[in-house]
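>>> Show me how the following folds:
(one chain, ligands or ions: 1)
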Amino acid sequence: MIWTREIEHKNKYPNANVISLGIGDTTEPLPDVVALSMANYARKLSTPKGYRGYGAEQGCKALRKAIAETVYKDIGIKDSEVFVSDGAQGDICRLQLLFGSNMSVAVQDPTFPAYVDSSVIIGQTGDVNRESGSYQKIEYMACGPHNSFFPDLSKTGRTDIIFFCSPNNPTGHAASFEQLEQLVQFAQENGSIIVYDSAYAVYIKDGRPRSIYEVPGARKVAIEVSSFSKIAGFTGVRLGWTVVPEELLYSNGFPVIKDYNRVVCTCFNGASRISQAGGLACLSSEGFKAVLSLVDYYKENAEILLETFKSVGLRAYGGENAPYLWVHFPGSNSWDVFNEILEKTHIITVPGSGFGPAGKEFIRVTAFGHRENILEASKRLRSFLS
Ligand SMILES: Cc1ncc(COP(=O)(O)O)c(C=O)c1O
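As a prediction, this is how the structure comes out:
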């Protein structure tokens, strides 16, 4: 485990300035306009007039509308199709509860671990292969430099559910319109549901789709989960959403949105009203400008790190449309690379094998961090790797 290695390392070198480029957690303070709106909302709760108890399980109407109109501008998502939540991770698990144990699942390899772990918990998988870490009954769709980080769908087996994350954590790859078109067509042909995770969509800067619903036909085959965590530094505040379009139907014609509504009302009593006030502030014109400048800050960090790896002749992917870099160390084992970098530079990364069998020669590096730490890490990495 990375935590264990980090603690061991800090015990061994108590005076070392250890820099974490490991866990993908935001580091910069919230914009004032966002923090103030939450503070004001909390203050109002202490007055008889302003006090409120439970809210709608699906989220407050104003925020559902703001998400539909701001994030999905010109895409035609209705506010009634947006379910506000306490974050994408919880939504992934609530979706798994909706699907149940009899569903077959496909994931990108490498992948954000929550899709696989929730499949294991709900009982969709078979035994684990201890050596590769892969589970029986999961369809692993290999994504790497050899296939432009998009699976060869002609070799992908049919599954009921396809988890697809773009921009991808950990590879940082954002799928092109043509790639997503292929994915939607594949789902249509197979009667599969795509669970599209767009938690990092706001990092896309080169015109690639920020939502699966930009692809015609996606409303009939895709659910989208997303989050304020990496848009606005809400990893601790907790706020996200899921879109379930009305046209998404089971094979017997029953709308999935009705079942999802039932799951949300049963397993979740609504996102915090204070967080939702913060979410609304993020989507106001002043708030949106402020959160985008935070995103730009992390993107500049990513550019510094990308340049660092390129300057020492390593192939680093991602970092352009995402706050993650996926660095290739051909022929090596990702845990050995992780350990060596930690030992020699006091920098924590993440071994790629933790994201699936295809990650065994890679490490993931995050661009979330204070600028001075990113610059110091860049200096140490250049000197160690060159
Ligand atoms: C791809 C992806 N989806 C979902 C999440 C979880 O987001 P949240 O903080 O909204 O639960 C993360 C967090 O790192 C993530 O990387």
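
>>> can you count the residues close to the nearest residue to G359 once chain neighbours are set aside?
Nearest residue to G359 in three dimensions, chain neighbours excluded: G352, at 2.9 Å (CB to CB, 6 or more residues apart in numbering). All C-beta spots, glycine's among them, are computed from the backbone N, C-alpha and C. By the criterion of other CB atoms under 10 Å, G352 has 27 neighbours.

>>> G352: what's it in contact with?
Contact analysis of G352 by CB atoms under 8 Å, 6 or more residues apart in numbering lists P110, P170, W326, S334, A358, G359, K360, E361, F362, I363, R364.

>>> For the residue lying closest to the fourth one once chain neighbours are set aside, give its distance to R315.
It refers to S334. With CB to CB, 6+ apart as the criterion, S334 has its nearest non-adjacent residue at 3.8 Å, and that residue is P351. According to CB to CB, to the nearest Å, P351 and R315 sit 17 Å apart.

>>> In terms of neighbours, single out the busier of the two.
Comparing P351 with R315 by neighbour count (other CB under 10 Å), the higher total belongs to P351, at 21 against 13.

>>> For the stretch 151-300 of the chain, what lies in contact range of the ligand?
Within the stretch 151-300 of the chain, the positions lying close to the ligand (CB under 6 Å from any ligand atom) are C165, N169, D197, A199, S227, S229, T235, G240.

>>> who wins for most neighbours among those residues?
For those, the largest number of neighbours (other CB under 10 Å) sits with D197, at 28 neighbours.

>>> Go ahead and confirm A377 touches L21.
Yes: using CB atoms under 8 Å as the test, A377 is close enough to L21 to be in contact (5.9 Å).

>>> Need the residues touching each of the two.
L305, I347, G369.

>>> Among the contacts of G352, which lie within helices?
With helices defined by DSSP state H, the entries of the contacts of G352 inside them are S334.

>>> Go through the contacts of G352 and name the one nearest the ligand.
Of all those, the ligand sits closest to P170, with 8.4 Å by CB to the nearest ligand atom.

>>> all helices for the stretch 51-200 of the chain, in order.
Taking DSSP state H, counting those that start in this stretch as the test, the helices found in the stretch 51-200 of the chain are 61-66, 88-99, 113-122, 177-190.

>>> Could you save the residues of the stretch 151-300 of the chain next to the ligand as CSV and add columns showing pLDDT?
Shown next, in CSV, are these (pLDDT from 0 to 100):
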residue, pLDDT
C165, 98
N169, 98
D197, 98
A199, 98
S227, 98
S229, 98
T235, 98
G240, 98
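
>>> now, which of the residues you listed sits nearest N102?
D197 (22.4 Å; CB to CB).

>>> you'd agree the closest one is up against A175?
No: the criterion here is CB under 8 Å, and D197 misses it with A175 at 11.5 Å.
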